[in-house]
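Engineer: heads up, no residue letters with this:
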């Protein structure tokens, strides 16, 4: 071992350094956390920061690659609303106005009624809510449909499709 050079410490169980961000780790079904310490989480989010179900939104869900390409297109058009990444990181959900679910028919995507709006500080936001009061702005469904179609064409032309 070289002297005078900082040494790296071994990671604790499950690849988590002790005491680092345990609030980001999931809990088990019995209320205990799955972090390396094994006990209950040392800190909890305040009740005001818990996710809430928003009745004013529906969600359009697509695969991650397809969704991120659509986010880029919408950002260029300055028409992108709030966008969330799934817990598993395989899908992206666009918040759209309530009532979109009844008229949404686009292959490669799904639309579901209602939406879970997370706190602004949650790391799963791809495009977080912004503005006064940090309210989530929905994406116009027709503009989203156009961007998703354009994204599918772009990815297919690049050899990453079909959708």
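Structural biologist: Received it, and whenever you're ready, just let me know what you need. Nothing here was measured: the structure is a model prediction, and the numbers come from that model.
Engineer: residue 160: what's it in contact with?
Structural biologist: Applying Cβ atoms under 8 Å, 6 or more residues apart in numbering, we find residue 160 in contact with residue 65. C-betas here are computed from N, CA, C, even on glycine.
Engineer: switch to 10 Å and redo it
Structural biologist: For residue 160, the contacting residues are 65, 66, 69, 152, 154, taking Cβ atoms under 10 Å, 6 or more residues apart in numbering as the criterion.
Engineer: which ones among the residues you listed map onto helices?
Structural biologist: Of the contacts of residue 160, the ones assigned to helices by DSSP state H are 65, 66, 69, 152, 154.
Engineer: export those residues as JSON lines, with columns for pLDDT, distance to residue 145 and neighbour count.
Structural biologist: Written out in JSON lines, the entries for the ones in helices among the contacts of residue 160 read as follows (pLDDT from 0 to 100; distance: Cβ to Cβ, whole Å; neighbours: other Cβ atoms under 10 Å):
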{"residue": "65", "pLDDT": "94", "distance to residue 145": "18", "neighbour count": "15"}
{"residue": "66", "pLDDT": "95", "distance to residue 145": "13", "neighbour count": "21"}
{"residue": "69", "pLDDT": "95", "distance to residue 145": "14", "neighbour count": "23"}
{"residue": "152", "pLDDT": "93", "distance to residue 145": "11", "neighbour count": "22"}
{"residue": "154", "pLDDT": "92", "distance to residue 145": "15", "neighbour count": "16"}
